[in-house]
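Asks: Sequence plus the predicted model coming up.
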Amino acid sequence: MTTPPTTGPVADARTLGLAHYAARGVLEHVLARHGSTFQQQIVLRAALTTDAPRTADELVALVRGFLKAGTADIRATLDELLANHLLDADGAHLRPTDAGRELLATVGAETAPVSARIWGGIPAEDLAAAGRVLALVTERADAELAALTV
């Protein structure tokens, strides 16, 4: 049995990074039009998509897991979101405000057609294979990072 020839670059850290920053660049362009940042969007989305409201500490831990950013940077982002009335404190818990929900909805609506052009036409089996590989790379990289920080 022979292996079919590849038609593009082999996935590695460089191609993963280039794809991430290309897609992130599109999102950051849209976010900038609304006076928001990538990290603010990640924190706001984390607050919005949880089953129950989270405390600041819980959001920081969650976002640290996503972005591998420092605690102080994420806390500063929480402060920005609170100051911009995109998050609101309800006792110890933080909840997205209507303005925060609207921002995410607007950004989602503006990026949807671009995302459709970026992802459109990629066969489902290729997306499934890429998803499996990326999940494994994430798992391994998280384990390596944990070992480095012990």
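Replies: Looks like it arrived, so ask away.
Asks: C-alpha only now, for contacts and for neighbours.
Replies: Will do.
Asks: Next, name the residue at the spatial heart of this structure.
Replies: Nearest residue to the geometric centre of the chain (C-alpha atoms, centre = their mean): I42, 5.3 Å.
Asks: mind listing the strands for the chain?
Replies: Secondary structure of the chain (DSSP state E): strands at 54-55, 87-90, 93-96.
Asks: Mind listing what's buried along the second one?
Replies: Same thing as strand 87-90. L87, D88 (16 or more other C-alpha atoms under 10 Å).
Asks: Give me the contact list for the longest helix anywhere in the chain.
Replies: Criterion DSSP state H: the longest helix present in the chain is helix 124-148. Outside helix 124-148, not one residue touches it by C-alpha atoms under 8 Å, 6 or more residues apart in numbering.
Asks: Same list, the strands of the chain, but as CSV with mean pLDDT please.
Replies: Formatted as CSV, the strands of the chain follow (pLDDT from 0 to 100):
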stretch, mean pLDDT
strand 54-55, 94
strand 87-90, 94
strand 93-96, 94
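Asks: Need those in TSV (columns: distance to A22).
Replies: As requested, those are arranged in TSV below (distance: least, C-alpha to C-alpha, whole Å):
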stretch	distance to A22
strand 54-55	31
strand 87-90	28
strand 93-96	28
